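A.B. asks: Okay, sequence plus prediction incoming.
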Amino acid sequence: MQRKAYLPGTAALLAVLLAGCTSGSGDESPTDDANPGDAGTATVTAQPGKYRSLPEPCGSIDHDGLDALLPGIKQITDPSQRDKAYQGQATLTYDTNRKVGCGWKVESADATDHLSVDFERVVSYDNSVSDADQAKTLYQEKETAADLPEQSSGSATTQSPAGTPTPTASRSGGASPSGSPSAPASGASGSAAGATPDDLQPRVLTDLGDQGYLDDRLKPSGSTAGQRTVTVVFRTSNVVVTIQYEEQPTATGTVPESKEMQDTALELASQLDDELGG
């Protein structure tokens, strides 16, 4: 009789426990269903950049390239001074893994030439934005600041095609400035539209890295020689490269030739893009 009384009590207790477990499981199921989705969203991160390091800037241009950009180097008779000119001057930086640069300045009988090359490796600190997209934003800011003239469809190029008319002034300083590109109006980008062929105007470059542009600015000559600055900026993945090439002739009233400076700067840009593996 005691055994019969014990068994029903045990069954009742088990029924209560089972009911509680069933009820608890039902309460937690919505939370469990939400967790996988939340975890999946949190783990989605953008791809890191292609480049994890930067080239050594002062060694990025060989002697032949520097001879073309800085003709005065070959006129230096002292071997030690000539070697120093080839070496350039590294730009001060606090993180060589993120931004590096090098500059050269060489004087000759005809002109003083300046050249600078800068590499910037962009890293995004936003998990939803890739390094390449962050570099694209930085590049676009530079292009917007350059204030390039609007281009007609299909006019963007990487270099001037064969047969393009060129200004009569040359880097040797022997040509008359009368046929040279005139200085831009205040705030204008590049040379005056009426004096410079369309193919030499500041423009977007369609065959250099992932994005690129060229800017060409001429300071008014007045009673002195005109100073021309050609700038090429391009992006390859998460690295933005900036080349600035400047020439100041010594002869009064002389204007540096736009086409020659642009062609030389574009050739250098193409070489650097190849070295990056773009």
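C.D. replies: Yes, it's here.
A.B. asks: Strands along this protein, start to end?
C.D. replies: Secondary structure of the chain by DSSP state E: the strands cover 89-90, 99-107, 111-121, 203-205, 211-218, 228-236, 239-249.
A.B. asks: what's the third one packed up against?
C.D. replies: Strand 111-121 makes packing contacts with helix 63-69, strand 99-107, strand 239-249 when contacts are defined by 3 or more C-beta pairs under 8 Å, 6 or more residues apart in numbering; DSSP states H and E. C-beta: built from backbone N, CA, C; applies to glycine.
A.B. asks: Would you format the ones you listed as TSV with mean pLDDT and mean neighbour count included?
C.D. replies: Output for the helices and strands packed on strand 111-121, formatted as TSV (pLDDT from 0 to 100; neighbours: other C-beta atoms under 10 Å):
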stretch	mean pLDDT	mean neighbour count
helix 63-69	95	15
strand 99-107	97	19
strand 239-249	96	23
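A.B. asks: Minimum distance to residue 137: which of the ones you listed has it?
C.D. replies: strand 239-249 (10.3 Å; C-beta to C-beta).
A.B. asks: quick one: strands adjacent to that closest one?
C.D. replies: Note on strand 239-249: by DSSP bridges, its sheet partners are strand 111-121 (antiparallel), strand 228-236 (antiparallel).
A.B. asks: Quick check on residue 149: phi, psi?
C.D. replies: Backbone geometry at residue 149, expressed as degrees, to the nearest 10, gives phi -70, psi 150.
A.B. asks: Can you add distance to residue 114 and give the helices and strands packed on strand 111-121 back as JSON lines?
C.D. replies: Compiled in JSON lines, the helices and strands packed on strand 111-121 are given as follows (distance: least, C-beta to C-beta, whole Å):
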{"stretch": "helix 63-69", "distance to residue 114": "10"}
{"stretch": "strand 99-107", "distance to residue 114": "5"}
{"stretch": "strand 239-249", "distance to residue 114": "4"}
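A.B. asks: out of the ones you listed, nearest to residue 150?
C.D. replies: Nearest of those (C-beta to C-beta): strand 239-249, 22.8 Å.
A.B. asks: For the closest residue to residue 143 other than its chain neighbours, grab the count of nearby residues.
C.D. replies: Spatially, and ignoring its direct neighbours in sequence, residue 143 is nearest to residue 213 (5.2 Å; C-beta to C-beta, 6 or more residues apart in numbering). For residue 213, the count of nearby residues is 20 (other C-beta atoms under 10 Å).
A.B. asks: Can you show me the helices along the stretch 1-150 of the chain?
C.D. replies: Secondary structure of the stretch 1-150 of the chain (DSSP state H, counting those that start in this stretch): helices at 2-42, 63-69, 79-87, 131-146.
A.B. asks: Point out where the stretch 51-200 of the chain drops to low pLDDT.
C.D. replies: 152-196 (pLDDT under 70).
A.B. asks: again, only using 80
C.D. replies: Low-confidence segments of the stretch 51-200 of the chain (pLDDT under 80): 151-198.
A.B. asks: Please, where are all the helices along the stretch 151-278 of the chain?
C.D. replies: Ranges of helices in the stretch 151-278 of the chain, per DSSP H, counting those that start in this stretch, are 258-276.
A.B. asks: hmm, back to that, make TSV out of the strands of the chain and add distance to residue 63.
C.D. replies: Formatted as TSV, these follow (distance: least, C-beta to C-beta, whole Å):
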stretch	distance to residue 63
strand 89-90	17
strand 99-107	12
strand 111-121	13
strand 203-205	26
strand 211-218	25
strand 228-236	21
strand 239-249	17
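A.B. asks: Ok, which of the ones you listed comes nearest residue 57?
C.D. replies: Among the strands of the chain, strand 99-107 sits nearest to residue 57 (C-beta to C-beta), with 3.8 Å.
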